[in-house]
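In: return atomic coordinates for the entry below.
(one chain, ligands or ions: 2)
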Amino acid sequence: MAHPIDDFLFGFRPAQWFWKPALHRYLTGSWSRPRLRPGTARISGNLRHLGLYFHIPFCRRPCAFCPYNRVRYEASLYHQFEMAAHQEIDLVAQLLQDARQRDSGIDPRIGSLYVGGGTPTLQPESLARLILHIREALGQPSDVCVELHPSAMDDDCLSILKRSGVTLVSVGVQSLSDRLLRQIGRSHDAITALQSLRRAVACGFDTVNADLMFCLPTQEPEELDQDIRQVLELGVDQISCYPIFGFPYSELGKRMGYDKIDRPSGFRIRTMLDLIRQRSQDHGFVQRSVWSFARPQNQKFSSTTRHHYLGIGPSAASMIPGQFHVNTFSIQDYIKVLPHQSPVALVMPIHRQFEMAYWLYWRVYEMAIPRDSFRDLFDTELESVYGTFLKYLTKFGILDQQDGCYRVTEQSAYWIHRLQNEYALNYINRLWGQCRQTAWPREVVL
Ligand SMILES: C[S@@+](CC[C@H](N)C(=O)[O-])C[C@H]1O[C@@H](n2cnc3c(N)ncnc32)[C@H](O)[C@@H]1O
Ligand code: SF4
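Out: Ligands and ions are numbered 1, 2, ... in the order given. You can find the predicted model right below:
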């Protein structure tokens, strides 16, 4: 059952033809659709609060629903990938050093390192070597976050992560129903997920996050309720709950013949999101982003908190002043071109207002838009660029203002997500879909 506003704004094509380009024009200052073309990475301008993202694209048994760039683990390919990744770390270090020599105003500190995948811990010793190299070549991140799969996180692995200075971990629990785990094709059962999560909590990381998926086919609200209660009782610091989306280029999407992103109904997402919020609040958690809930005192665990970030690894993206770029998705080509050539496949020049819109997108996703950090980054007031937009959102109760910060109200989180999906998921679908087909695309129009 869909909501009538859902249907009109997001399902009725002529309405979309009107408001989507108009909102894009208002936020980015341009009518043209973002375009990525082959080019080289170059840092120009004011790089601050830099984050690093490192992508390890291997899984023991890839899940059909998963949209991320990953292949089935194979020891010899992994070994070649590791060698290439060390070479890319040196290239990125050179890029940063050149930028600092050109512009002494660049802040050399690294805020955080987020290691995602894939399953980053298939070879924990290799991961430890890579993290150490990143620290030596690029600087000491204040936080190191690693994504974990319940079947690839034994005690040895966890102690290697601790010794490597990993401070935050995120465990992909997905569900605690064996029936649903089998149905979506996960390689672990519920008891493995629970035990793995318990061991991660016992290890004493600063933050342990559990990923859950909801709106799984045939999933009942009672089953989700059980999952959330059990995960919260284990003492995690944060939960991130994602409704399952069907991406046309994923194995599931191809099998089902999806020609666009398949989403659960808006009604189902909202009902289940309300349940997640209620259980999280009963447990003393606060909503930290559209999909995540955490202890009030805990720091946020997310790959998106840094405005500027540099990506390493096949398919890793980077957002730096003046440009957004993305590495080749092909692991073979990544290995082949390094160390002589950069693995960057596509570049999109970013003008100032586009960068502001990008910043705004992620702050809205995190449900808090701090005025001072906008001023700090762009040397101008938030209201001087987006005043009308913020005024109307506040008037309609979507935002309220507290302590120099606009906050997305809880009841509006779903609508914000729904609106953002219209841009972000479609952009991801076009970019990742084409990059998975061709190692070096000539052009991608988002
Ligand atoms: C890269 S994976 C996490 C780490 C690990 N590989 C695992 O699966 O346990 C990131 C998260 O994205 C979410 N995810 C993956 N595919 C999804 C989809 N099609 N729709 C919604 N969420 C998805 C899952 O919750 C998953 O834990
Ligand atoms: S969800 Fe995790 S384990 Fe499954 S394919 Fe994606 S990255 Fe690999």
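In: would you mind listing what in the stretch 201-350 of the chain touches ligand 1?
Out: Residues of the stretch 201-350 of the chain lying close to ligand 1 (CB under 6 Å from any ligand atom) are 211, 213, 242, 244, 245. C-betas here are computed from N, CA, C, even on glycine.
In: tell me the one of those residues nearest residue 345?
Out: residue 245 (24.1 Å; CB to CB).
In: thought that closest one was touching residue 262?
Out: Yes - shown here, residue 245 and residue 262 form a contact pair, counting by CB atoms under 8 Å, at 6.8 Å.
In: more crowded one of those two?
Out: Set residue 245 next to residue 262 and count neighbours by other CB atoms under 10 Å: residue 245 wins out with 21 against 15.
In: contacting residues around that one?
Out: Counting by CB atoms under 8 Å, 6 or more residues apart in numbering, residue 245 touches 67, 261, 262, 263, 425.
In: how about a cut-off of 10 Å?
Out: 65, 67, 213, 215, 252-253, 258, 261-264, 421, 425, 428-429 (CB atoms under 10 Å, 6 or more residues apart in numbering).
In: that older thread, got a quick PyMOL command for the buried subset of the residues of the stretch 201-350 of the chain next to ligand 1?
Out: Entered in PyMOL, the line below selects the buried ones among those, by 16 or more other CB atoms under 10 Å:
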select buried, resi 211+213+244+245
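In: next, the residue of the stretch 151-300 of the chain found nearest ligand 1: secondary structure please.
Out: Nearest to ligand 1, among the residues of the stretch 151-300 of the chain, is residue 172, at 1.8 Å (CB to the nearest ligand atom). At residue 172 the chain is in strand, as set by DSSP: H, G, I helix; E, B strand; the rest coil.
In: ok, now which ones touch the closest residue to it other than its chain neighbours?
Out: Using CB to CB, 6 or more residues apart in numbering and skipping the chain neighbours, the partner closest in space to residue 172 is residue 211 (4.8 Å). Neighbouring residues of residue 211 by CB under 10 Å, 6+ apart: 147-148, 170-174, 231, 238-242, 291-292.
In: hmm, back to that, just to check, the residue of the stretch 151-300 of the chain closest to ligand 1 is in contact with residue 148?
Out: Yes - the criterion here is CB atoms under 10 Å, and residue 172 meets it with residue 148 at 6.9 Å.
In: list the residues that contact both of these two?
Out: Common neighbours of residue 172 and residue 148 are listed as 117, 119, 196, 197, 209, 210, 211 (criterion: CB under 10 Å, 6+ apart).
In: from these, which is closest to residue 57?
Out: The closest of these to residue 57 turns out to be residue 117 (CB to CB; 6.4 Å).
In: number of nearby residues for that closest one?
Out: Using other CB under 10 Å, residue 117 has 24 other residues around it.
In: what score does it have for pLDDT?
Out: pLDDT for residue 117: 93.
In: pLDDT weak spots in this structure?
Out: For the chain, the stretches flagged by pLDDT under 70 are 1-16, 299-305.
In: does ligand 2 sit close to the helix ranked longest in it?
Out: Counting residues, the longest helix in the chain under DSSP state H turns out to be helix 75-102. No - on the criterion CB under 6 Å from any ligand atom, helix 75-102 is out of touch with ligand 2, staying 14.0 Å away.
In: so residue 36 bridges to which residues?
Out: Counting by DSSP bridges, residue 36 is bridged to residue 444.
In: my guess is it meets residue 325, correct?
Out: Yes - using CB under 10 Å, residue 36 is in contact with residue 325, at 7.9 Å.
In: list the buried residues in the host helix or strand of residue 18.
Out: Here residue 18 sits within helix 13-28, counting by DSSP states H and E. Using 16+ other CB under 10 Å as the burial criterion, the residues of helix 13-28 that qualify are 20, 24, 27, 28.
In: show me what the helix or strand containing residue 180 is packed against.
Out: Following DSSP H and E, one finds residue 180 within helix 178-184. Judged by 3 or more CB pairs under 10 Å, 6 or more residues apart in numbering; DSSP states H and E, the packing partners of helix 178-184 are strand 168-174, helix 190-202, strand 207-214, helix 221-233.
In: so does it get close to ligand 1?
Out: No - legend: contact between helix 178-184 and ligand 1 by CB under 6 Å from any ligand atom is lacking; minimum distance shown is 9.0 Å.
In: need the overlap of contacts for residue 245 and residue 262.
Out: The contact sets of residue 245 and residue 262 overlap at 252, 253 (CB under 10 Å, 6+ apart).
In: one step back: shared neighbours of residue 36 and residue 325, anything?
Out: 345, 346, 347, 348, 349.
In: my read: the first one touches residue 432, true?
Out: The one in question is residue 345. No - judged on CB under 10 Å, residue 345 makes no contact with residue 432 at a distance of 12.0 Å.
In: mutual contacts of those two, please.
Out: In contact with both residue 345 and residue 432: 315, 326, 329, 444, using CB under 10 Å, 6+ apart.
In: okay, now the domains of this structure?
Out: 1-33+351-433, 50-294 (automatic domain parsing).
In: so which of these is the most packed in?
Out: domain 50-294 (a mean of 18; mean count of other CB atoms under 10 Å).
In: including distance to residue 40, could the buried residues of helix 13-28 go into CSV?
Out: Compiled in CSV, the buried residues of helix 13-28 are given as follows (distance: CB to CB, whole Å):
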residue, distance to residue 40
20, 32
24, 27
27, 28
28, 24
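In: what's the farthest-apart pair in those?
Out: 20 and 28 (12.1 Å).
In: for the closest residue to residue 205 other than its chain neighbours, give me its contacts.
Out: Excluding the flanking residues, the one nearest residue 205 by CB to CB, 6+ apart is residue 169, at 5.2 Å. Neighbour list for residue 169: 115, 121, 144-148, 153, 158, 161-162, 197, 200-201, 203, 205-210, 301 [criterion: CB under 10 Å, 6+ apart].
In: repeat that with 7 Å
Out: 146, 148, 161, 200, 205, 208 (CB atoms under 7 Å, 6 or more residues apart in numbering).
In: just list whatever residues bridge to it.
Out: residue 146, residue 208.
In: now it: how far from residue 203?
Out: Counting by CB to CB, to the nearest Å, the separation of residue 169 from residue 203 is 8 Å.
In: same thing with residue 215?
Out: Taking CB to CB, one finds residue 215 at 31 Å from residue 203.
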